[in-house]
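Novice: Model the following, please.
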Amino acid sequence: MMSRTLRLSDGLSVRVIEAGAGEPLLLIHGVGMRAEAWAPQIAALATDHRVIAVDMPGHGDSDPLPGQPQLPDYVAWAASVIQALGLGPVSVAGHSMGSLIAGGLAVEHPELVRRAALLNGVHRRSPAARAAVLARAAEIAAGAGGIEAPLARWFSPDQADLRDAVAGWLRKVSPAGYAAAYRAFAEGDGIYADRLGEIRCPLLVLTGDGDANSTPAMTEAMAAMAPKGRAVVITGHRHMVNLTAPEAVSAELQRWLSIKEIAA
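Specialist: Next comes the predicted model:
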């Protein structure tokens with residue numbers, strides 16, 4: 001893998017890691033992570049694709065977005081990343097917050113998106129779930145949000161090595177970048193919820209059956225809205241399914257990438 005810095009038209013710097021050659025695939029991680037969270041998929045998919053994983057704004061070595069960004073600001077940022085890459089339309093896969101960005105991209109910038117994959121995405125949370133995630137966003141903004149609770153939700157006790165790796169990323173992330181992205185994540189699940197039917201390109205929506213926040217019901221609902229949507233629920237896994245079930249997730253992504261049909 002090669003790491004480099006991409007300069008956007010507005011002057012912001014974005015760190016990307018790249019591997020492979022062929023049709024381009026952009027990977028966008030979730031809140032608190034970094035591009036390396038896609039390592040299993042990069043290794044599996046770079047055999048026949050040019051895979052580009054980005055650090056989200058305020059994460060890893062990417063500049064933060066100014067002010068108090070909301071989900072549409074992250075979507076505009078991702079569109080600028082694609083334009084700066086100069087590769088034409090790309091396939092885009094996002095995890096968690098990254099899936100909200102990928103979905104927004106497919107809605108707002110269909111000319112830039114060849115296919116979209118939403119992994120462990122959220123869609124119209126229940127009032128109780130929304131209250132809980134907004135409360136956590138407030139805690140994080142105040143510097144009081146710990147990492148043990150999410151780690152316990154994401155990993156089972158027999159996944160200690162993966163848990164430790166993710167804990168390391170969470171501890172190193174910029175507090176300001178983390179808080180900004182989490183706030184946008186907490187408030188963003190309804191922004192494009194009614195527009196997923198506008199996505200005309202092949203759409204993969206995937207989660208684990210044990211993900212209490214990105215539920216199988218959400219996955220089925222999102223996929224059903226899009227004309228070319230397909231829902232996949234991986235049994236026995238939670239929120240970090242791309243790390244805990246890497247072979248299954250990479251196989252589903254490979255199947256999605258093999259679809260040659262492009263939206264008009």
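
Novice: next helix or strand past the helix or strand hosting Leu204?
Specialist: Taking DSSP states H and E as the criterion, Leu204 maps to strand 203-208. Stepping forward along the backbone from strand 203-208, the first helix or strand reached (DSSP H and E) is helix 216-225.

Novice: Now that following helix: buried residues?
Specialist: For helix 216-225, the neighbour count (16 or more other CB atoms under 10 Å) marks 216, 218-223, 225 as buried. Backbone N, C-alpha and C define where each C-beta goes, glycine included.

Novice: hang on, the earlier thing: so what secondary structure elements neighbour the strand holding Leu204?
Specialist: Judged by 3 or more CB pairs under 8 Å, 6 or more residues apart in numbering; DSSP states H and E, strand 203-208 is in contact with strand 113-119, helix 216-225, strand 229-234, helix 241-244, helix 246-257.

Novice: Where does Ile191 sit: helix, strand or coil?
Specialist: Classification of Ile191 by DSSP: H, G, I helix; E, B strand; the rest coil places it in coil.

Novice: burial count for it?
Specialist: Residues within reach of Ile191, counting by other CB atoms under 10 Å, total 17.

Novice: Report the spatially nearest residue to it, omitting neighbours in sequence.
Specialist: Leaving aside its sequence neighbours, Ile191 sits nearest to Leu71 (CB to CB, 6 or more residues apart in numbering; 5.1 Å).

Novice: Please apply the same query to Leu100.
Specialist: Distance criterion CB to CB, 6+ apart; nearest residue to Leu100, sequence neighbours excluded, is Gly188 at 5.1 Å.

Novice: Equivalent analysis for Val249, please.
Specialist: Asn242 (4.7 Å).

Novice: give me every residue that touches the one you found.
Specialist: Residues in contact with Asn242, defined by CB atoms under 8 Å, 6 or more residues apart in numbering, are 37-38, 40-41, 95, 119-120, 249.

Novice: With mean pLDDT and distance to Val107 as extra columns, can I get the helices and strands packed on strand 203-208 in a markdown table?
Specialist: Converted to a markdown table, the helices and strands packed on strand 203-208 look like this (pLDDT from 0 to 100; distance: least, CB to CB, whole Å):
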| stretch | mean pLDDT | distance to Val107 |
| --- | --- | --- |
| strand 113-119 | 98 | 9 |
| helix 216-225 | 98 | 11 |
| strand 229-234 | 98 | 13 |
| helix 241-244 | 98 | 23 |
| helix 246-257 | 98 | 18 |
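
Novice: quick one on the thing from earlier: turn the buried residues of helix 216-225 into TSV, including distance to Ala167.
Specialist: Listed next are the buried residues of helix 216-225 as TSV, based on distance: CB to CB, whole Å:
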residue	distance to Ala167
Pro216	26
Met218	26
Thr219	26
Glu220	31
Ala221	31
Met222	29
Ala223	31
Met225	35
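
Novice: which pair in these spans the largest distance?
Specialist: Pro216 and Met225 (15.3 Å; CB to CB).

Novice: hang on, the earlier thing: let me see the contact set for the residue nearest to Ile191.
Specialist: Leu71 neighbours (CB under 8 Å, 6+ apart): 100-101, 104, 184-185, 187-188, 191-192.

Novice: any idea which of those is closest to Leu170?
Specialist: Nearest to Leu170 among these, counting by CB to CB, is Phe185 at 14.1 Å.

Novice: rewinding a little: what about the residue nearest to Ile191, distance to Leu65?
Specialist: Distance, Leu71 to Leu65, by CB to CB, to the nearest Å: 11 Å.

Novice: Which one of the contacts of Asn242 sits in the busiest neighbourhood?
Specialist: Neighbour counts for these (other CB under 10 Å) peak at Leu119, which has 32 neighbours.
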